[in-house]
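Student: Dropping a prediction and its sequence here:
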Amino acid sequence: AQSVTQPDIHITVSEGASLELRCNYSYGATPYLFWYVQSPGQGLQLLLKYFSGDTLVQGIKGFEAEFKRSQSSFNLRKPSVHWSDAAEYFCAVGPPGFQKLVFGTGTRLLVSP
Amino acid sequence: GAVVSQHPSRVICKSGTSVKIECRSLDFQATTMFWYRQFPKQSLMLMATSNEGSKATYEQGVEKDKFLINHASLTLSTLTVTSAHPEDSSFYICSAEMKRVSRSETQYFGPGTRLLVL
């Protein structure tokens, strides 16, 4: 069965500092991988996705993620965090050709001044 | 592009009443729409998958008679919570998968509907 683990429930980062959010997945083959962001009381916005090809994926708002097959990981990074990045971040996995997404439990990002 | 709306954004109802939530893809046709439920400070749990013109597929443990889903067109799906009870209070989010010649493989999410049952 597919599963997604986001080991950090919440992370606090100083504004301007770099960020890395961890995501590990369990799946029999290479799945489709996604990162979404959710602001309080809002729906989810797609930050980036990986289907195949280059393992370093660029997304919106300056985010990037790297797929590492050997580690079953798809960590999200940003070189310099802005206060507006404070939100909940969800990693998700879906099988190729895909219908259902399985979400991780989310990581809440707090940005300190 | 790829905007999904939900209406209402929040609703308060009395126990025993039914509530309908609409999910619309505003600028694209959706092959498939999904309904999720999110409890406070928790992840999204898929409730059901609906394809236009056919019956919804419910996830295990989701009562199909309680959560009625209709996908009448390629741009509209509705979720009706029947005989709502306080334990149905939650944040309901829909998503839509874009219809294309080739597979789209991306879900676009609505802003969610906060349901409070008193």
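Tutor: Nice, I can see it. Quantities reported herein were computed from a predicted structural model and do not represent experimental measurements. Residues are numbered from 1 along each chain as shown, chains lettered A, B, ... in the order given.

Student: for the chain, what spans make up the strands?
Tutor: Went with chain A since none was named. A:3-5, A:10-14, A:19-21, A:24-26, A:32-38, A:44-50, A:56-58, A:64-68, A:73-78, A:87-94, A:102-103, A:107-112 (DSSP state E).

Student: meant chain B actually
Tutor: Using DSSP E, strands in chain B cover B:4-7, B:10-13, B:19-25, B:30-38, B:44-51, B:57-58, B:67-73, B:76-81, B:90-98, B:107-109, B:113-117.

Student: Run me through the strand neighbours of the last one, direction for each.
Tutor: Applying DSSP bridges to the sheet, strand B:113-117 is found paired with strand B:10-13 (parallel), strand B:90-98 (antiparallel).

Student: Please identify which of those strands is closest to residue A:55.
Tutor: Set against residue A:55 and scored by Cβ to Cβ, the strands paired with strand B:113-117 come closest in strand B:90-98, at 24.5 Å. Using the backbone N, CA and C atoms, a C-beta is placed for each residue, glycine as well.

Student: can you list the residues that contact the helix or strand of chain B with the lowest mean pLDDT?
Tutor: Least confident element among the helices and strands of chain B, by mean pLDDT, DSSP states H and E: strand B:107-109 (a mean of 86). Outside strand B:107-109, the residues within contact range by Cβ atoms under 8 Å, 6 or more residues apart in numbering or on different chains are A:36, A:43-46, A:101, B:2-4, B:25, B:28, B:34, B:93-98.

Student: coming back round to it: with respect to residue B:18, which of the strands of chain A lies nearest?
Tutor: Nearest of the strands of chain A to residue B:18, taken as Cβ to Cβ: strand A:44-50 at 26.4 Å.
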